[in-house]
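Colleague: Predicted model and sequence follow; I will ask about them next.
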Amino acid sequence: MNRWSRWKVPALFSLVILLPVLLAALILRQGWYEPGTRSKGQWLSRDIYLLQPLPSSQVKWRLVYLEAVRCEAECRQVPVLMQRIRSALGRNLDKLALVQLTAEPRLETRAEMRAGNLMLVDPQGLAILRYEVPASTTEWPLFGKGVLSDLQQLLKYQRGVQ
């Protein structure tokens with residue numbers, strides 16, 4: 001028996017183990033991989049506690065509408081859109097509370113939060129996702145589906161964690 005046949009199996013085994021790791025490192029270093037996200041909203045880049053935390057017995061997400069000081073006719077309809085999103089949750093509708101805020105965002109959070117946006121807030125009061133409400137009400141059904149999709153994903157994840 002020659003030396004190569006003795007090391008053949010361990011060498012092939014090592015190659016099978018190391019090759020995918022080396023290829024993954026190459027792909028990451030070359031920038032060929034673009035991390036994607038399935039969420040429809042924009043993730044906030046920093047922690048913003050928008051609301052007071054709920055008691056631990058209440059596990060509710062909150063959909064918050066940051067109402068503009070001067071509200072036009074379309075923005076008065078946003079609470080109706082929020083109610084439709086909540087009712088579309090079906091059996092999970094008790095896990096979402098709707099909140100309207102009319103106060104102007106603080107100066108340090110204006111880049112993240114703008115009047116007229118919807119915010120998805122976790123039970124601890126941390127704003128997670130921001131949604132820019134479309135100006136045209138004809139785009140609202142698709143927009144509502146996007147918010148609903150994110151809510152369903154978060155509720156499914158939350159159910160798995162508990």
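Modeller: Yep, that arrived. Numbering: from 1, shown residues only.
Colleague: Does A127 belong to a helix, a strand or coil?
Modeller: Here A127 is recorded as strand under DSSP: H, G, I helix; E, B strand; the rest coil.
Colleague: Is it correct that L23 falls within a helix?
Modeller: Yes - judged by three-state DSSP, L23 forms part of a helix.
Colleague: how near is it to W43?
Modeller: Counting by CB to CB, to the nearest Å, the gap from L23 to W43 is 29 Å. In this view, the C-beta of every residue, glycine as well, is placed from N, C-alpha and C.
Colleague: and if you look at A115?
Modeller: 20 Å.
Colleague: for K145, same thing?
Modeller: Using CB to CB, K145 is found at 19 Å from W43.
Colleague: So these two - more neighbours on which side?
Modeller: Each of K145 and W43 has its neighbours counted (other CB atoms under 10 Å); K145 has more, 13 against 9.
Colleague: Please name the residues that touch that one.
Modeller: Applying CB atoms under 8 Å, 6 or more residues apart in numbering, we find K145 in contact with no residue.
Colleague: for it, helix, strand, or coil?
Modeller: Put simply, K145 is helix when judged by three-state DSSP.
Colleague: Show me where this structure has its helices.
Modeller: 3-30, 78-88, 140-161 (DSSP state H).
Colleague: Tell me which of the ones you listed is the most buried.
Modeller: helix 78-88 (a mean of 16; mean count of other CB atoms under 10 Å).
Colleague: ok, and what's touching it?
Modeller: Contacts for helix 78-88 (CB under 8 Å, 6+ apart): 63, 65, 67, 93, 96, 98, 100, 118, 133, 140, 143-144, 147-148, 151.
Colleague: Only C-alpha atoms, please: export it in PDB.
Modeller: The C-alpha trace of helix 78-88 is given here as PDB (Å, rounded to 0.1, in the frame of the first residue of the first chain):
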ATOM      1  CA  VAL A  78     -54.800  56.500   8.200                       C
ATOM      2  CA  PRO A  79     -56.500  55.300  11.500                       C
ATOM      3  CA  VAL A  80     -59.000  53.400   9.300                       C
ATOM      4  CA  LEU A  81     -56.100  51.800   7.500                       C
ATOM      5  CA  MET A  82     -54.500  50.800  10.800                       C
ATOM      6  CA  GLN A  83     -57.800  49.300  11.900                       C
ATOM      7  CA  ARG A  84     -58.000  47.200   8.700                       C
ATOM      8  CA  ILE A  85     -54.400  46.000   9.300                       C
ATOM      9  CA  ARG A  86     -55.300  45.000  12.800                       C
ATOM     10  CA  SER A  87     -58.500  43.200  11.800                       C
ATOM     11  CA  ALA A  88     -56.600  41.300   9.100                       C
END
